[in-house]
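Student: Would you be able to build a 3D model of this:
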Amino acid sequence: MLNAHLQPKEHCLLDSACGAGAFLTQGGFKKVIGVDRDLIALAQAKINATTAI
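Tutor: So this is what the prediction gives:
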């Protein structure tokens, strides 16, 4: 759906409530950044979305 509206390789994906990181696995972005106040979920997101920072 995002590809129909923009060219991901020109943008950063920022998920401010990334939970377990499912949305962070979207490919093609210049940079992928995820944050969450739940440290357990954030640890899981780092496992699920290894390219995210």
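
Student: Could I get the CA-only coordinates of stretch 15-35 as CSV?
Tutor: Only the C-alpha atoms of stretch 15-35 are listed here, as CSV (Å, rounded to 0.1, in the frame of the first residue of the first chain):
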residue,chain,number,x,y,z
ASP,A,15,7.3,3.7,14.1
SER,A,16,6.8,5.4,17.4
ALA,A,17,5.0,2.5,19.0
CYS,A,18,6.7,-0.5,17.3
GLY,A,19,5.6,-3.2,19.8
ALA,A,20,7.1,-6.4,18.5
GLY,A,21,8.3,-4.8,15.3
ALA,A,22,5.9,-6.3,12.7
PHE,A,23,5.6,-3.0,10.8
LEU,A,24,9.4,-2.5,10.9
THR,A,25,9.9,-5.5,8.6
GLN,A,26,8.7,-3.4,5.6
GLY,A,27,11.5,-3.5,3.1
GLY,A,28,13.0,-0.8,0.8
PHE,A,29,13.2,2.1,3.1
LYS,A,30,16.4,4.2,3.4
LYS,A,31,16.3,3.7,7.2
VAL,A,32,14.0,2.0,9.6
ILE,A,33,13.6,3.3,13.2
GLY,A,34,11.4,1.8,15.9
VAL,A,35,10.8,3.0,19.5
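
Student: and it, which residues are buried?
Tutor: 15, 18-21, 23-24, 26, 29, 32, 34 (16 or more other C-beta atoms under 10 Å). C-beta here means a position set from N, CA and C on the backbone, and glycine is covered the same way.

Student: Could you pull up the contacting residues of the residue most central in space within the chain?
Tutor: In the chain, the C-alpha nearest the mean C-alpha coordinate belongs to residue 24, at 2.4 Å (C-alpha atoms, centre = their mean). When contacts are counted by C-beta atoms under 8 Å, 6 or more residues apart in numbering, residue 24 touches 13, 15, 18, 32, 34, 45, 48-49, 52.

Student: Of all the buried residues of stretch 15-35, the one with the weakest confidence?
Tutor: Least confident entry in those, by pLDDT: residue 26, with 82.

Student: among the contacts of residue 24, which two are most distant?
Tutor: Spatial extent of these (C-beta to C-beta) is set by the pair 13 and 48 at 14.1 Å.

Student: which of those two has more neighbours?
Tutor: Between residue 13 and residue 48, residue 13 has the larger neighbour count (other C-beta atoms under 10 Å), namely 20 against 15.
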